[in-house]
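Visitor: sequence isn't available, so here's the structure alone:
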């Protein structure tokens, strides 16, 4: 499955929020959308999800414009994981995950035993099967993000759009969520995630989309895109990029300096 964004331009009525944005995401890729606050990351995601109509250009999945797809068709291809989730009711974790079947069930259908078993297997694959009967208001932020990821996987879409998936998570939960994202891409899932952390893009992205003032500054591998010069252009502070060895692997990391 391939997502193609071509010359996407969007405005809320004033200056363009996004202008001539173009990139592609192939199966198994993890694309980090990076840029300062207000650059248009969330607006880009709303366009991908079909919630907003661009003034020019657009997004297509396997050649089909997302604006021409029904909500059910789009849900079968693309799942959305928000950066925060504040449920009104204390549904169990399993019930919350089964809500991902909405596009597959009729208006009066309920999940069958096979679907419940599949949802439990998904929870098990994410390491949170013990939470299945617990209320979703009584779990931690990291557990809730994993629950939302399980709900997206239950949706059976092969492309995941994640809006700052580790926002407000502690260091350990952030690592665990992104490790699962990395594992999913090895299974063929495509992942697009926004982040304010260049080091997260270095660590987990196969490609980086750098946005500034609604335009694409660069698109490519983290090593190609995340240079000290580009990071300074994005954030307005000097940045040093270095390499470290850990666990038998080499990682690029960056740090700002005065």
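Guide: Received, thanks. Because the structure is predicted, anything quoted here is derived from the model rather than measured.
Visitor: list the buried residues of the lengthiest helix in the chain.
Guide: In the chain, taking DSSP state H as the definition, the longest helix is helix 171-186. Neighbour counts over helix 171-186 (16 or more other C-beta atoms under 10 Å) mark 173-178, 180-181, 184-185 as buried. Using the backbone N, CA and C atoms, a C-beta is placed for each residue, glycine as well.
Visitor: least confident of those?
Guide: pLDDT across the buried residues of helix 171-186 is lowest for residue 173, at 79.
Visitor: for that one, what are its contacts?
Guide: 140-143, 145, 166 (C-beta atoms under 8 Å, 6 or more residues apart in numbering).
Visitor: go again with 7 Å.
Guide: 140-142 (C-beta atoms under 7 Å, 6 or more residues apart in numbering).
Visitor: could you dump the residues you listed into CSV with pLDDT and distance to residue 77 added?
Guide: Formatted as CSV, the contacts of residue 173 follow (pLDDT from 0 to 100; distance: C-beta to C-beta, whole Å):
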residue, pLDDT, distance to residue 77
140, 85, 30
141, 80, 28
142, 80, 27
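Visitor: pull out the buried residues from these.
Guide: 141-142.
Visitor: now, the contacts of residue 173 that are in helices?
Guide: Counting by DSSP H, the contacts of residue 173 contribute 141-142 to helices.
Visitor: nearest to residue 26, out of the contacts of residue 173: which one, please.
Guide: Proximity of the contacts of residue 173 to residue 26 (C-beta to C-beta) peaks at residue 142, which lies at 29.0 Å.
Visitor: quick one: the closest one from residue 7, how far?
Guide: For residue 142, the distance to residue 7 equals 38 Å [C-beta to C-beta, to the nearest Å].
Visitor: over to residue 186?
Guide: According to C-beta to C-beta, residue 186 stands 32 Å off from residue 7.
Visitor: chain neighbours aside, what residue packs nearest to the residue nearest the centre of the chain?
Guide: What sits nearest the mean C-alpha location of the chain, by C-alpha atoms, centre = their mean, is residue 162, with 2.0 Å. Distance criterion C-beta to C-beta, 6 or more residues apart in numbering; nearest residue to residue 162, sequence neighbours excluded, is residue 193 at 4.0 Å.
Visitor: which phi and psi does residue 13 have?
Guide: phi 120, psi -20 (degrees, to the nearest 10).
Visitor: let's verify the closest residue to residue 52 other than its chain neighbours: helix, strand, or coil?
Guide: Distances taken as C-beta to C-beta, 6+ apart place residue 46 nearest to residue 52, at 4.5 Å, with adjacent residues excluded. Here residue 46 is helix, with the state taken from DSSP: H, G, I helix; E, B strand; the rest coil.
Visitor: I'd say residue 46 and residue 54 touch.
Guide: No: using C-beta atoms under 7 Å, residue 46 makes no contact with residue 54, being 10.2 Å away.
Visitor: and these two? which has more neighbours close in?
Guide: The neighbour comparison of residue 46 against residue 54 (other C-beta atoms under 10 Å) goes to residue 54, with 20 against 17.
Visitor: what pLDDT is listed against that one?
Guide: 95.
Visitor: can you confirm it is in a helix?
Guide: No: with three-state DSSP as the criterion, residue 54 is coil rather than part of a helix.
Visitor: look up phi and psi at it.
Guide: With angles defined as degrees, to the nearest 10, residue 54 sits at phi -60, psi 150.
Visitor: how about the nearest residue to residue 199, chain neighbours excluded?
Guide: In space, residue 199 is closest to residue 253, 5.4 Å off (C-beta to C-beta, 6+ apart).
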